[in-house]
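Colleague: Got a predicted structure plus its sequence, pasted below:
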Amino acid sequence: MGDSKRRALAGRRSVLLGMAGLATAVLAGCADGGTGTVPPAPEQDVAADHRRPSGPATPPPSIAAKSSEQVAAARAQPTPRPLVLPNKGTVVAEFAGRKPQEWGLHVTGVVNDAPSKQAALTFDACGGPGGSDCDHELLRTLRRLNVPATLFVNSRWIRTNQALSAELAADPLFELANHGTSHLPLSVNGRSAYGIVGTANVSAAYDELAGNQQSMYDTFGKTPRFFRPGTAFYDDVTAAMTRRLGMLPVNFTINGDGGATFPAATVATEVGRVRPGDIVISHFNRPAGATAEGYARILPRLLDKGISFARLGDVL
Ligand SMILES: [Zn+2]
């Protein structure tokens, strides 16, 4: 599909609406998306977390060696925005009466791609049992190739990885974004995704958005600009709430690792489809998966083809 046509379709509903709709219909209750004929889940489910051992992440690698480009990028960082969270009572009063019309990955108001000649890689860290590790090999590959990325981090993951989180927040190659307080589907009426019950009402949705936003600001001194809920599911009301709280709700055009379930060859194939304007979702909290190996295979080839990568904040 040409870039201009892609742009024309962006906005209300993405080019992936058909696939997303199928995913929504077929994968409700699916453990983690699998690798069969149905579209895979882009995000990880809490129940599946129990299948892998949990534990703190290993210590972060040194980031002492920085390229001149990274140093220049660090100097170019804009002054951090102050945190301006609207009062909870005000937001509840504004949104409490609204009935959602849509539920899924690509609902009205969610940004799925970027009007840019660059592509954006996004990686989630979901936290919780089995989801609180760190894929250091993947981060090493991104740093070695000087490929920027946006990292969506959940409150639980930050708590388990405090030193590492601070290191990532300070690295100009990366940008941290908000992946929710409790890693819940973002609903105003308790809708579920992949068997996980979403936030029950506007008040709970506010807490899921604002809890991690306040915590990230307090911890890192920066106000996250972007949000993606656990499971990546929203309704159209919570997508609007996300904007009201000062964040852009962001999903994706390419599901790079199927919740870290894809084998390396599939990761390489899916990420290999990336074109300017695409937003790719993958994970950096599952080192036992094949996400790192898939990216190590495909990123050099994409760079050779002239694909340029940017953080979401550079293209949105
Ligand atoms: Zn997640």
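Modeller: Cool, the structure landed.

Colleague: in which helix or strand would I find A296?
Modeller: Secondary structure assignment for A296, by DSSP states H and E: helix 291-304.

Colleague: average pLDDT for the very next helix or strand once past that helix?
Modeller: Per DSSP H and E, the first helix or strand lying C-terminal to helix 291-304 is helix 312-315. The average pLDDT for helix 312-315 rounds to 98.

Colleague: now what about helix 312-315, what contacts it?
Modeller: 114-116, 118, 120, 122, 148, 150, 175, 177, 225-226, 248, 250, 279 (CB atoms under 8 Å, 6 or more residues apart in numbering). (Glycine included, C-beta is placed from N, CA and C.)

Colleague: What's the end-to-end length of stretch 158-166?
Modeller: Length of stretch 158-166, first residue to last, CA to CA, to the nearest Å: 9 Å.

Colleague: and it, which residues are buried?
Modeller: Within stretch 158-166, the residues scored as buried using 16 or more other CB atoms under 10 Å are 158, 160-161, 164-165.

Colleague: What of stretch 278-296?
Modeller: Neighbour count says stretch 278-296 has 278-287, 289-296 buried, by 16+ other CB under 10 Å.

Colleague: gap between the two ends of that stretch?
Modeller: 19 Å.

Colleague: when you give positions from now on, start the count at 19
Modeller: In the new count, where the first residue is 19, that last one comes out as stretch 296-314.

Colleague: Check whether it comes into contact with the ion.
Modeller: No - Stretch 296-314 does not reach the ion (CB under 5 Å from the ion); its nearest approach is 7.1 Å.

Colleague: And the pLDDT at whatever residue of the stretch 19-168 of the chain ends up closest to the ion?
Modeller: Residue nearest to the ion within the stretch 19-168 of the chain: C144 (3.2 Å; CB to the ion). The model reports C144 with a pLDDT of 98.

Colleague: What of L45?
Modeller: L45 is assigned 28 on the pLDDT scale.

Colleague: For the closest residue to L321 other than its chain neighbours, give me its contacts.
Modeller: The shortest distance from L321 to any non-neighbouring residue, by CB to CB, 6 or more residues apart in numbering, is to L163 (6.5 Å). L163 makes contact with 317-318, 321 under the criterion CB under 8 Å, 6+ apart.

Colleague: ranking the residues you listed by neighbours, who comes first?
Modeller: Using other CB atoms under 10 Å as the neighbour test, the contacts of L163 are led by L317, with 22 neighbours.

Colleague: The nearest residue to that one once chain neighbours are set aside and G312: what is the separation?
Modeller: With CB to CB, 6+ apart as the criterion, L317 has its nearest non-adjacent residue at 5.5 Å, and that residue is L163. From L163 over to G312 the distance is 14 Å, taken as CB to CB, to the nearest Å.

Colleague: need the contact list for the residue of the stretch 19-168 of the chain closest to the ion.
Modeller: 61-62, 67, 172, 174-175, 197, 201, 248, 301, 303.

Colleague: Just checking: the least confident one among these is which?
Modeller: D67 (42).

Colleague: show me where the stretch 19-168 of the chain has strands.
Modeller: Counting by DSSP state E, counting those that start in this stretch, the stretch 19-168 of the chain has strands at residues 121-122, 138-143, 167-171.

Colleague: In terms of secondary structure, what does the longest one contact?
Modeller: For strand 138-143, the elements it packs on are strand 167-171, strand 297-301, helix 330-333, judged by 3 or more CB pairs under 8 Å, 6 or more residues apart in numbering; DSSP states H and E.

Colleague: which parts of the stretch 69-218 of the chain sit against the ion?
Modeller: So far as CB under 5 Å from the ion goes, the stretch 69-218 of the chain lies against the ion at 142, 144.

Colleague: residue ranges of the helices in the stretch 69-218 of the chain, please?
Modeller: For the stretch 69-218 of the chain, applying DSSP state H, counting those that start in this stretch gives helices covering 86-93, 106-113, 154-162, 173-178, 180-188.

Colleague: Quick check: which of the ones you listed is buried the most?
Modeller: helix 173-178 (a mean of 22; mean count of other CB atoms under 10 Å).

Colleague: who touches that one?
Modeller: 74-75, 143-146, 149-150, 183, 197-201, 229-230, 233-234, 237, 303.

Colleague: Low-confidence ranges, this structure, go.
Modeller: Low-confidence segments of the chain (pLDDT under 70): 19-56, 62-98.

Colleague: Closest one of the contacts of L163 to S205?
Modeller: Of all those, S205 sits closest to L317, with 35.2 Å by CB to CB.

Colleague: residues in contact with that closest one?
Modeller: Going by CB under 8 Å, 6+ apart, L317 touches 159-160, 163, 165, 289.

Colleague: mind listing what P242 touches?
Modeller: So P242 contacts 194-196, 231, 234-235, 265 (CB under 8 Å, 6+ apart).

Colleague: Settle this for me: P60 is touching I297, isn't it.
Modeller: No - here P60 does not reach I297: they are 11.1 Å apart, not a contact under CB atoms under 8 Å.
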